[in-house]
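Asker: Sequence first, then the predicted structure:
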Amino acid sequence: MAYSNSETNVTSSPSRLNLHDEAGRPANDNHTAPRVFSILDLISTDDDEVANRVRRAERFAIAVLIAMAVCLIAGPIVYATLMFGI
């Protein structure tokens, strides 16, 4: 099987030519200290906004509870209707 010259020739990239220069640099060469990101930065300290979020969460929890109750009541009724032909 014959190989073309483009497959057998390896060209060196310019980034590999400076390998010795790069080896002397430290692994963490950041000049500025990284800013620490925390999930606590996303929490609002405004009391009105917190109260609004709590209100919406309570409403959503009540809606989920009602939906679960409806499914627990309607599920067996639908099952019995389909299985026994009532």
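Answerer: Structure received. Numbering: from 1, shown residues only.

Asker: which secondary structure elements does whatever helix or strand residue 81 lives in contact?
Answerer: Assigning secondary structure by DSSP states H and E places residue 81 in helix 47-84. Helix 47-84 makes packing contacts with no helix or strand when contacts are defined by 3 or more C-beta pairs under 8 Å, 6 or more residues apart in numbering; DSSP states H and E. Where C-beta positions appear, they are placed from N, C-alpha and C, glycine not excepted.

Asker: tell me which residues in that helix are buried?
Answerer: When burial is assessed from 16 or more other C-beta atoms under 10 Å, helix 47-84 yields no buried residues.

Asker: Rounded mean pLDDT for that helix, please.
Answerer: With pLDDT averaged residue by residue, helix 47-84 scores 94.

Asker: Roughly how far does residue 64 sit from residue 58?
Answerer: 11 Å (C-beta to C-beta, to the nearest Å).

Asker: hmm, I was thinking of residue 69
Answerer: From residue 69 across to residue 58, the span is 17 Å (C-beta to C-beta).

Asker: try residue 83
Answerer: Distance from residue 83 to residue 58, counting by C-beta to C-beta: 38 Å.

Asker: same question, residue 48
Answerer: 16 Å.

Asker: One more: residue 45?
Answerer: 21 Å.

Asker: Repeat that for residue 37.
Answerer: For residue 37, the distance to residue 58 equals 30 Å [C-beta to C-beta].

Asker: With residue 47 instead?
Answerer: 16 Å.

Asker: what do you get for residue 38?
Answerer: Taken as C-beta to C-beta, the span from residue 38 to residue 58 is 27 Å.

Asker: what's the pLDDT at residue 25?
Answerer: In this model, residue 25 is scored at 63, pLDDT.

Asker: for the one 5 residues further on, same thing?
Answerer: Residue 30 carries a pLDDT value of 61.

Asker: Likewise for the one 3 residues further on?
Answerer: Looking at residue 33, its pLDDT is 56.

Asker: cool, and residue 43?
Answerer: Here the pLDDT value assigned to residue 43 is 79.

Asker: could you measure it against residue 49, distance?
Answerer: 10 Å.

Asker: just residue 39 next, same as before
Answerer: The separation that residue 39 has from residue 49, given C-beta to C-beta, amounts to 17 Å.
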